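J.: Using only what follows, build the 3D model:
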Amino acid sequence: MERETKKISDSMIEHIYQVRPEHLNAAERLFGGKLMEWIDEIAGMVGMRHSGGNVITASVDNLRFIRGAFQNDLIVLSARVTYVGNSSMEVRVDTYVEDFEGNGARKPINRAYLTLVAVDSHGNPKQAPLILLETEGERAEWEAAKKRKELRNQRKIEGF
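T.: A predicted model of the protein is given here:
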């Protein structure tokens, strides 16, 4: 039986949050843990859409905070699958602050890569559909994802 293939665009998600007082840390900026929660949530939804079932988060890579966000800011999270192994999927999540009072420009505040595993109803890994690479950008991201996977495997061997 031939393995199912899906387009990256089939599972892409964009979601918007507004930073509220309960999302702030003591420095009156968006709490990093809250942003990490949102990132994990949207990555999980992308993984579920792509795999057609449940997923678990196996790792979070390259969680880099570029700038802060403040009360009332609109936070845009954009997520898509970048790589698929057998049951594992890498999901890239880009986070922006959107200027809703001006021209709607988006300034990046974070980029994260998460590894998710497709699982069956018993929590056992199951095969995830492959992705159809349609653009040069998607092919470049796939190649970069293969390098990130090699780095993750090397870190695992080295014990961190």
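J.: contacts and neighbour counts: CA atoms only from here.
T.: OK.
J.: for the worst-scoring helix or strand of the chain on mean pLDDT, packing partners?
T.: The helix or strand of the chain with the lowest confidence, counting by mean pLDDT, DSSP states H and E, is strand 54-65 at a mean of 89. In terms of contacts (3 or more C-alpha pairs under 8 Å, 6 or more residues apart in numbering; DSSP states H and E), strand 54-65 is packed against helix 32-51, strand 106-119.
J.: swap the cut-off to 10 Å and go again
T.: helix 32-51, strand 88-98, strand 106-119, helix 136-158 (3 or more C-alpha pairs under 10 Å, 6 or more residues apart in numbering; DSSP states H and E).
J.: For the shortest one, which strands pair with it and how are they oriented?
T.: Which is strand 88-98. strand 74-84 (antiparallel), strand 106-119 (antiparallel) (DSSP bridges).
J.: next SSE after the last one?
T.: In other words, strand 106-119. strand 130-132 (DSSP states H and E).
J.: Next, the contact list for S11, please.
T.: M45, V46, G47, M48, R49, H50, S51, G52, A79, R80, V81 (C-alpha atoms under 10 Å, 6 or more residues apart in numbering).
J.: same thing but 6 Å
T.: S11 makes contacts with V46, R49, H50, as judged by C-alpha atoms under 6 Å, 6 or more residues apart in numbering.
J.: I'd like these as a markdown table, with pLDDT, distance to K147 and neighbour count appended.
T.: Listed next are the contacts of S11 as a markdown table, based on pLDDT from 0 to 100; distance: C-alpha to C-alpha, whole Å; neighbours: other C-alpha atoms under 10 Å:
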| residue | pLDDT | distance to K147 | neighbour count |
| --- | --- | --- | --- |
| V46 | 98 | 21 | 28 |
| R49 | 98 | 25 | 16 |
| H50 | 98 | 22 | 28 |
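J.: and these as CSV, adding distance to I109?
T.: Output for the contacts of S11, formatted as CSV (distance: C-alpha to C-alpha, whole Å):
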residue, distance to I109
V46, 20
R49, 25
H50, 26
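J.: What about S11? Give its phi and psi, please.
T.: phi -120, psi 0 (degrees, to the nearest 10).
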